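Enquirer: the sequence and its predicted three-dimensional model are supplied below.
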Amino acid sequence: MNLNDKIYIAGHRGMVGSAIERQLRKKGFQNIVTRTSSALDLRNQAAVNEFFAAEQPAYVFLAAAKVGGIYANNTYRAEFLYDNLVMETNIIHAAYQNEVQKLLFLGSSCIYPKAAPQPLKEEYLLTAPLEPTNEPYAIAKIAGIKLCEAYRDQYGCNFISVMPTNLYGIGDNYHPQNSHVLPALIRRFHEAKERGDNEVVVWGTGTPKREFLYADDLADACLFLMEQYNDKSLVNIGTGEDLSIAELAQLVKEAVGFDGSIVFDATKPDGTLRKLLDVSKLHSMGWKHNIELKEGIAMAYADFLKKEIQVEKV
Ligand SMILES: NC(=O)C1=CN([C@@H]2O[C@H](COP(=O)(O)OP(=O)(O)OC[C@H]3O[C@@H](n4cnc5c(N)ncnc54)[C@H](OP(=O)(O)O)[C@@H]3O)[C@@H](O)[C@H]2O)C=CC1
Ligand SMILES: C[C@H]1O[C@H](OP(=O)(O)OP(=O)(O)OC[C@H]2O[C@@H](n3cnc4c(=O)[nH]c(N)nc43)[C@H](O)[C@@H]2O)[C@@H](O)[C@@H](O)C1=O
């Protein structure tokens, strides 16, 4: 990518899109095109075609999606399938028609089979059934991967797919039900501390294990791959380290400074028991994450507090 190339970030207001924009601007890229979802609904094929024809971006980061945690995925199953299928299909087809030089598609670690061996290697895709709570989202993401592969095979498009692990960071979604576990726990422990509660409820048994990557590290890896990687096969992006939800809850409790106890609500779903990514492919290319979990949680909590103060002021 040259510094004056036109780059479109789909989903630039989201946690990942905004981190990609920060990284690009830090490196001196200025010719960045963005649209909010109200200015351009990416489910509208005619509007997407019109946008690409007018703007003619050279590079595309596809970070727009319907995103959420285990409850949202399991509840809004139709939206997670429909919105994601339509958005990625519209963008990938328009990128082909308008001769975009390179496109990076963001998938997710949930595309791998529920019972796959750990750590999850890229070649485990489509080898066994998926986790039921997020099957619609995973099917949409797998379709996105297959679109990138098919447009490469048939038309020679340089479209690549990356599979991030669970992410967190600046601008995360703190919705009490729809968010992912890390922002949900930051909010729940913080509110419990403010109210002086004795306990905090954590969903599930606490035994599932998850891997967490700070969004700015993910953005750095996306830029690295946009510059360096031109192959058909997917690339996992993570830290290669995981911990149990009970251990994560303890870390968040300490970061927030909550004194009470943690209780587990086993009536809530655990989801996949483990989904640790094998990141040896990315490491062998020379990329490794920078921000460790404890430091990242402290930064995410600081961002949460800043937003909470802003909301109080309005
Ligand atoms: N968060 C995570 O833990 C993980 C995320 N990912 C992937 O990373 C990518 C980004 O996720 P993340 O940043 O967390 O998600 P966010 O929910 O923070 O951001 C999603 C973005 O998508 C845009 N968007 C949603 N619907 C539409 C629409 N109909 N038309 C136009 N834009 C739309 C939103 O735009 P606007 O703000 O303008 O409404 C928003 O900026 C996704 O592909 C996700 O699947 C992968 C693994 C884990
Ligand atoms: C990124 C990834 O995100 C989703 O998958 P997930 O990894 O299961 O995501 P999660 O963050 O919501 O939960 C992780 C674990 O944590 C537990 N848990 C405890 N307490 C809370 C809690 O308060 N909220 C949430 N959400 N989970 C909680 C929860 O029960 C589960 O065991 C996918 O649907 C899919 O979209 C995807 O790709």
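Expert: Nice, I can see it. Ligands and ions are numbered 1, 2, ... in the order given.

Enquirer: state the pLDDT value of E308.
Expert: For E308, the model assigns a pLDDT of 78.

Enquirer: and the nearest residue to it once chain neighbours are set aside, how close does it get to Y174?
Expert: Among residues not flanking E308 along the chain, H190 sits closest, at 7.8 Å (C-beta to C-beta, 6 or more residues apart in numbering). For every residue, glycine as well, the C-beta is placed using N, CA and C. Distance from H190 to Y174, counting by C-beta to C-beta, to the nearest Å: 9 Å.

Enquirer: which neighbours do these two share?
Expert: When contacts are counted by C-beta atoms under 8 Å, 6 or more residues apart in numbering, H190 and Y174 are jointly contacted by F304.

Enquirer: can you name the residues that contact the residue in the chain that ligand 1 sits nearest to?
Expert: In the chain, the residue that lies nearest ligand 1 is G14 (2.1 Å; C-beta to the nearest ligand atom). Each residue near G14 by C-beta under 8 Å, 6+ apart is listed here: A63, A64, A65, V67, G171.

Enquirer: rebuild those as JSON lines, extending it with neighbour count and secondary structure.
Expert: Shown next, in JSON lines, are the contacts of G14 (neighbours: other C-beta atoms under 10 Å; DSSP: H, G, I helix; E, B strand; the rest coil):
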{"residue": "A63", "neighbour count": "25", "secondary structure": "coil"}
{"residue": "A64", "neighbour count": "25", "secondary structure": "coil"}
{"residue": "A65", "neighbour count": "25", "secondary structure": "coil"}
{"residue": "V67", "neighbour count": "23", "secondary structure": "coil"}
{"residue": "G171", "neighbour count": "17", "secondary structure": "coil"}
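
Enquirer: any idea which element the nearest residue to A192 once chain neighbours are set aside lies in?
Expert: Closest residue to A192 apart from its sequence neighbours, by C-beta to C-beta, 6+ apart: V200 at 4.8 Å. Assigned by DSSP states H and E, V200 falls within strand 199-203.

Enquirer: measure the closest residue to ligand 2 within the stretch 1-150 of the chain to L213 for me?
Expert: Distances between the stretch 1-150 of the chain and ligand 2 by C-beta to the nearest ligand atom are smallest at G69, namely 2.7 Å. Look at G69 and L213: by C-beta to C-beta, they are 16 Å apart.

Enquirer: please say which of those two ends up with more neighbours.
Expert: Counted by other C-beta atoms under 10 Å, G69 and L213 do not tie: L213 has more neighbours, with 26 against 22.

Enquirer: so who does the residue nearest to K141 when sequence neighbours are not counted touch?
Expert: Take K141 and drop its neighbours on the chain: the residue closest to it by C-beta to C-beta, 6+ apart is G107, 4.4 Å away. Listed by C-beta under 8 Å, 6+ apart, the contact set of G107 reads K141, I142, G144, I145, S161, V162, M163, P164, L234.

Enquirer: which residues touch the residue nearest to A192?
Expert: Residues counted as contacts of V200 (C-beta under 8 Å, 6+ apart) are L185, R188, F189, A192, A249, K253, F258, G260, S261, I262, V263.

Enquirer: out of these, which are buried?
Expert: Buried subset of the contacts of V200 (neighbour count, 16 or more other C-beta atoms under 10 Å): L185, R188, F189, A192, A249, K253, F258, I262.

Enquirer: host element of the fourth one?
Expert: What that stands for is A192. With DSSP H and E as criterion, A192 is part of helix 181-195.

Enquirer: show residues contacting that helix.
Expert: For helix 181-195, the external contacting residues (C-beta under 8 Å, 6+ apart) are 69-70, 166, 168, 172-176, 179, 199-203, 210, 212, 245, 248-249, 252-253, 255-260, 297, 300-301, 304-305, 308.

Enquirer: one more: stretch 37-53?
Expert: Identification of contacts with stretch 37-53 by C-beta under 8 Å, 6+ apart yields 10, 35, 64, 83, 86-87, 90-91, 94-95, 97-98, 100.

Enquirer: how about a markdown table for those, with pLDDT added?
Expert: Shown next, in a markdown table, are the contacts of stretch 37-53 (pLDDT from 0 to 100):
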| residue | pLDDT |
| --- | --- |
| A10 | 99 |
| R35 | 98 |
| A64 | 98 |
| D83 | 98 |
| V86 | 98 |
| M87 | 98 |
| N90 | 99 |
| I91 | 99 |
| A94 | 99 |
| A95 | 99 |
| Q97 | 98 |
| N98 | 98 |
| V100 | 98 |
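
Enquirer: thought A72 was touching Q177?
Expert: Yes - assessed by C-beta atoms under 8 Å, A72 is found in contact with Q177 at 7.2 Å.
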